[in-house]
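next comes the sequence, and after it the predicted model I'd like to discuss.
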Amino acid sequence: MEPPTPISFRFSDLPIELALLIFKYAALPKFAQPDTYATKNPYSSALSLCRVSKIVRRTVLPELLHTVLLPGDRHVTAFIRALRMQKTYVDQQQHDLSLDYASRVHRMWIGECQWPLRDPSAPFISSFTHSAAEPDSESDVSLLAPMILAVPSLAIEFVSLEILLGCLKHVCNSDVDLNVDHRNSPFPWSTKSLTLSGSISLRWWPFMGTIHGYTFLTSIQHLTVLSSTLYETYRHFAGHCARDIEPRGSEPCTVPLWVARAPFKKLQTFSMLISHREPPVTECAPASGAKAIWAELVTFPASLLPDHWTLQEIKTFMETQVGVIPSVRLPVSCSRKLCGLCLDREKIWACGCEGPKQLVRVSA
């Protein structure tokens with residue numbers, strides 16, 4: 001009996017609908033990859049597919065835009081350039097290239113960025129002079145603000161809070177339409193889940209002490225804390241040190257002091273990374289023998305938090321450093337600090353850290 005004749009099959013023989021579904025699946029960002037994002041861009045497949053054709057670009061762009069990572073100045077600047085291009089496409093009625101980014105972005109991470117922003121490709125000396133082309137111009141804020149404040153889930157480093165504050169001031173002082181369903185929310189933003197990352201900085205209290213920052217925090221329903229250390233040294237905005245809690249062995253975890261009096265009026269739950277000295281029993285020790293720390297994202301009810309301060313109480317505390325911030329213990333124990341250098345906060349969040357019971361492995 002003769003062997004069966006091999007069946008030749010070409011990708012181009014597929015129906016267009018099926019081919020586009022394959023492209024869409026292939027474009028999914030690889031957030032859970034073992035490599036760091038600096039080594040391998042998780043969006044690399046989607047970016048390559050965008051160059052195939054206009055119809056493929058329109059198919060895969062929503063997958064690329066669902067979760068946007070802007071870890072530094074140059075990434076925010078590049079994103080603003082993309083928004084400028086989209087505005088140009090709309091103005092020129094190039095409908096085959098234009099896409100409504102605001103309706104496509106659902107999650108956004110903003111890393112350590114300086115404010116005001118400047119184009120990193122500009123000459124060094126030009127950074128000290130203002131120009132209409134710089135990304136901190138009002139026209140660029142008008143492009144960036146609707147994007148940042150339209151995402152349901154926003155993650156931001158403490159040092160970048162001025163970017164968020166600038167966007168809040170813009171939308172509160174203008175008639176910008178964020179396409180928000182105002183029947184359910186009186187606020188001109190859609191953010192419900194907020195992730196605060198990094199070490200607490202001097203920008204937190206000034207942000208919380210403005211009417212814009214205060215009002216924004218009152219609308220948040222879920223808070224995720226991705227701090228460099230589990231037990232933080234709490235410092236007043238003026239630099240006064242309160243206390244440093246150093247855990248010994250297994251001790252009860254506490255709510256970060258900067259959370260305790262924050263105006264999270266509508267907060268339902270908050271999540272924190274809780275460290276464990278030993279990895280789960282189902283996991284083998286690293287082959288290299290290096291120590292590892294496992295951290296679990298644990299979600300708590302907001303009812304554990306004390307009463308929030310009013311805006312006037314916050315301003316009074318900022319001026320006088322007078323006020324009681326209670327230490328709130330959580331019903332869990334933890335073993336040690338989490339090293340800020342070992343904690344890849346961007347990847348933890350990108351992989352979907354808003355949900356509870358997420359185990360994260362970091363080096364000891």
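Received the coordinates, thanks. All of these numbers come straight from a predicted model, not from anything done at the bench.

residue boundaries of the strands in the chain?
67-70, 107-110, 153-157, 193-197, 222-226, 251-254, 269-276, 292-301, 329-334, 358-363 (DSSP state E).

which residues are contacting the fourth one?
This points to strand 193-197. Strand 193-197 has contacts (C-beta atoms under 8 Å, 6 or more residues apart in numbering) with 109, 152-158, 217, 220-227, 345, 349, 353-354. C-beta here means a position set from N, CA and C on the backbone, and glycine is covered the same way.

and that strand, how far out from the chain's middle?
6 Å (C-alpha atoms, centre = their mean, to the nearest Å).

quick one, that strand and strand 222-226 angle?
Taking axes from the mean of the first three to the mean of the last three C-alpha atoms, to 10 degrees, one finds strand 193-197 and strand 222-226 inclined to each other by 20 degrees.

likewise the third one?
Relative orientation of strand 153-157 and strand 222-226, computed by the same axes, to 10 degrees: 30 degrees.

could I get the strands of the chain as CSV with mean pLDDT?
What follows is those, written out as CSV (pLDDT from 0 to 100):
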stretch, mean pLDDT
strand 67-70, 96
strand 107-110, 96
strand 153-157, 95
strand 193-197, 94
strand 222-226, 92
strand 251-254, 76
strand 269-276, 82
strand 292-301, 76
strand 329-334, 79
strand 358-363, 50
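
any chance of those strands in JSON lines, plus distance to C172?
Converted to JSON lines, the strands of the chain look like this (distance: least, C-beta to C-beta, whole Å):
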{"stretch": "strand 67-70", "distance to C172": "22"}
{"stretch": "strand 107-110", "distance to C172": "19"}
{"stretch": "strand 153-157", "distance to C172": "17"}
{"stretch": "strand 193-197", "distance to C172": "17"}
{"stretch": "strand 222-226", "distance to C172": "22"}
{"stretch": "strand 251-254", "distance to C172": "34"}
{"stretch": "strand 269-276", "distance to C172": "25"}
{"stretch": "strand 292-301", "distance to C172": "30"}
{"stretch": "strand 329-334", "distance to C172": "34"}
{"stretch": "strand 358-363", "distance to C172": "34"}
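
rewinding a little: now the buried members of the contacts of strand 193-197.
109, 153-158, 217, 220-227, 345, 349, 353-354 (16 or more other C-beta atoms under 10 Å).
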